[in-house]
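> would you be able to build a 3D model of this:
(2 chains)
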Amino acid sequence: MAWRLSVTHSTSFLYESEVSASFNEARMTPINTPDQFVISHDLKVNPFSTIFSYIDYFGTAVKSFDVQTPHTYLEIVSQSLVETNIPTVGNLSATWDDLMDEKLTDNLREYLAFTPLVNLITPPFNLKMQKTPLDAIQFLSTEMRQQITYAPGSTSVYSPASEAWEKRAGVCQDFTHASLSILRAAGIPARYVSGYLYNGSGEIGEEVIGESHSWVEAWVGHWLPFDPTNGNPVAEDHVLVARGRDYHDVSPLKGIFSGGRGRKVDVTVSLTRIA
Amino acid sequence: MVQFQAQDEFLVDGLPREPVTELWRELTKIQSNEWIIKAKQRDLYLAMQGITFTLSGIERPLPVDLIPRIIDIAEWKQLEKGIKQRIEALELFLDDVYGKQQLFADRIVPKSLIITSEHFHRSAHGIKPANGVRIHVSGIDIVRDQQGVLRVLEDNLRSPSGVSYVLENRRTMAHVVPELFSEYSIRSVDEYPERLLAALVSAAPDKKSHPNVVVLTPGVHNSAHFEHAFLARRMGVELVEGRDLYCKNNQIFMRTTKGSEQVDVIYRRIDDDYLDPIHFKPDSVLGIPGVINAARSNSVAIANGIGNGVADDKALYPYVPRLIEYYLDEKPIIPNVDTYDLQSSDVLDFVLKNLSDLVVKPVAGSGGYGITIGPRASKNELKEVAKEITQNPRNWIAQPLIALSTCPTVVDDGTIASRHIDFRPFAVNDGQEIWVLPGGLTRVALVEGNVVVNSSQGGGSKDTWVLAESESDLQSYPEVIEKNLMDPLDNEVIPATFGPDVLPVTRMQQQEEQQQQVGADDA
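A predicted model of the protein is given here:
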């Protein structure tokens, strides 16, 4: 039974002194997948600016905009109404040998290589000891929460997997990066997924403060999503926005600006289950 | 060491080849003290014209040798056909790589080879130029091997430079050694700027009949700045820097003393990495923030295309003959130089064992930097390079040493000696036709025996004569009067770097939000 979720993602930047120009790209638009249907989406920017849309290399719906009048604040509100389902996953019976196939590794090279954010870490376990890649994912999914403590503020947006790993603390971005690193080291193609998580009671009409969230999709014959941060299955409560090699490919808002000092960022995500 | 005998472009067993006979007769009349005087006249002329090239921070005249190189009609026709074919295939390749990527599904080139290229730009994915052209200007380097076969040494599809020297060399020769031209009908090189402008005009979005074209330069400190200014002047268009342009609502504008003007086509001579701080180096002040998305929405055309470097990556080079067969269903007209693909471990072993006979090049290098010539390298140098290759084979290619052909050249003491040369013809694609400039830059290694001819390695150049076949392409004497010369005072609009509405040029800062930085703590 599908859920219908309303998502409001507001980001505001406050600057102590005037910003003369700012150019930004937002990746805040949920995409259509076999398990998810976007009923409506709207992005508003204040100060008002014209929005240009395109689909990027990874299939993400990007909204780009610039503000070229002096401003001391910038507000972006993304509103989406999305129908979500429990993901249907295909055959997950790939063996370790299957993952060595040259055609497969060439084709999925981007999801097997390390990146500055998904860098090498050395876990105290070996995924390849597991019987199948699927077993390895199930093992990793529980193990991550044994290894890393959820602690907002312990890392920054630029922290690589290794930093969270050394601190044994981080947020979902870090859980995701560390999982990707361990999976890729074991030869399991894995990609970063960015989206929203509804964590309310499920009561219709009740607005809950949610979060901008991230999780993992790993290739074990088909793409299998899992959520290393909380260990819950990826289901109707997950809204998918973007996929990529690491956070850098999917960051919800990326931009440059000139002038302006003393930036203060405020982000709120609220979700309401409509049906 | 491999033994080889280079071909000479002029002489066979000491006798001139057929098209060179009259020229050789003229050349041998000139005494060495006369050559020394002519060389001085040349240097004076170049200095007066301000034709310089910056080598390792020092500006100096680009030495043009006073003996031209001649390409006969039949050979030129083959070259022309081969270059057109190669560019056509590489255009289709780029369109595929930044579009459907059918070639990976058909397993023509390993995907990992492309996506690990430092010039493969995901942000160029989905950009479809209005007239389909990405390789507006190319410079495909050609060498002649010891069997006399012309081969492609490398492709240059980003901002190949040197065409200004082709035009200036012809002028210089006409001033200093006019007597050499008397017996020959030589095709003119002077129409290049018009051809380039026509190609840029036809690249404009919406088929505008009078689009606003600009030449974008990184500035006066760039080694090819002379050429940027030269081309802008000869085309009669503005020469601008990044700070003269800005992007608003996905359109590009130029700041001028009379307000803002929309720009339709940017002939950019700055690298991708500096073009747009939103997508590339965020601290670049050379580019224009927003220009890539403006190109994506086809409100401006960028020449050459963004991400072209993936097609002239030296690691792709061995696959180009395959690409020609795949996209055009034709056999390559100009062969490659045999190249070892170091990604295969057998080949890698072979190359490491035979380094002293081979040439190895870094795939990302240009200008002759980083090349190791096996037979000339010391044991230590070979050891060093073997170590680097083993660490990252993707970054290197290896080729057998080719004895580049030689050509008689005037050396310092006024005598004529034989020196190695190569050739860079320039091609311009306007979307209807790929036009190859009849001429090109022949580069000459001025040091005896040296086979690296890049101007950045202290090489010089030669005027290159393509012989005329019919009356229609005949122009026996170069035109010396500059046309299209703009009087800056007549000019209606001048780019205003410091106009009233100019934003201060400051380095941009990045802003980014962290995921899950607010919200529930009970994950």
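
> say whether chain A is contacted by stretch B:107-124.
Yes - judged by C-beta under 8 Å from any C-beta of the partner chain, stretch B:107-124 comes into contact with chain A at B:R107, B:P110, B:K111, B:S112, B:I115, B:T116, B:R122, B:S123. Every residue, glycine included, has its C-beta placed from N, CA and C.

> could you pull out the buried residues of that stretch?
For stretch B:107-124, a neighbour-count test (16 or more other C-beta atoms under 10 Å in any protein chain shown) marks B:108-117, B:119-124 as buried.

> pull the most distant pair out of those residues.
Greatest spatial distance in the buried residues of stretch B:107-124: B:I108 and B:S123, 23.8 Å, computed using C-beta to C-beta.

> check which helices and strands the helix or strand bottoming out on mean pLDDT in chain A sits against.
Of all helical and strand segments in chain A, the minimum by mean pLDDT, DSSP states H and E falls on strand A:253-259, at a mean of 87. Using 3 or more C-beta pairs under 8 Å, 6 or more residues apart in numbering or on different chains; DSSP states H and E as the contact test, the elements touching strand A:253-259 are strand A:3-29, strand B:509-512.

> so which of the ones you listed comes closest to B:D276?
Nearest to B:D276 among the helices and strands packed on strand A:253-259 is strand A:3-29 (9.0 Å), distances taken as C-beta to C-beta.

> can I assume B:P332 is in contact with B:L323?
No - B:P332 is beyond contact range of B:L323, at 9.3 Å (criterion: C-beta atoms under 8 Å).

> those two - which one has more neighbours?
For B:P332 versus B:L323, neighbours defined as other C-beta atoms under 10 Å in any protein chain shown are more numerous around B:L323 (21 against 18).

> any idea which helix or strand carries that one?
Here B:L323 sits within helix B:320-328, counting by DSSP states H and E.

> now do B:R86
helix B:73-97.

> what comes into contact with that helix?
B:71, B:102-103, B:114, B:120, B:132-135, B:138, B:140, B:142, B:150, B:152, B:155, B:157, B:305, B:307-308, B:310-311, B:320, B:323-324, B:326-328, B:330, B:332-334, B:425, B:427, B:429, B:434, B:436, B:438, B:466-467, B:469 (C-beta atoms under 8 Å, 6 or more residues apart in numbering or on different chains).

> tell me which residue is most central in the chain.
Unless you meant another one, I'm taking chain A. Closest to where the C-alpha atoms of chain A average out (C-alpha atoms, centre = their mean) is A:S194, at 1.7 Å.

> please go with chain B instead
B:P160 (1.8 Å).

> tell me the buried residues in the helix holding B:R86?
Using 16+ other C-beta under 10 Å as the test for burial, helix B:73-97 gives B:76, B:79-80, B:82-97.

> quick check: mean pLDDT of the helix or strand just after that helix?
Next along the chain after helix B:73-97, taking DSSP H and E as the criterion, comes helix B:102-105. Helix B:102-105 carries an average pLDDT of 95.

> returning to that earlier point: can I get the residues of stretch B:107-124 next to chain A in a markdown table including distance to A:T149 and secondary structure?
Output for these, formatted as a markdown table (distance: C-beta to C-beta, whole Å; DSSP: H, G, I helix; E, B strand; the rest coil):
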| residue | distance to A:T149 | secondary structure |
| --- | --- | --- |
| B:R107 | 46 | coil |
| B:P110 | 41 | coil |
| B:K111 | 38 | helix |
| B:S112 | 36 | helix |
| B:I115 | 35 | helix |
| B:T116 | 36 | coil |
| B:R122 | 34 | helix |
| B:S123 | 36 | helix |
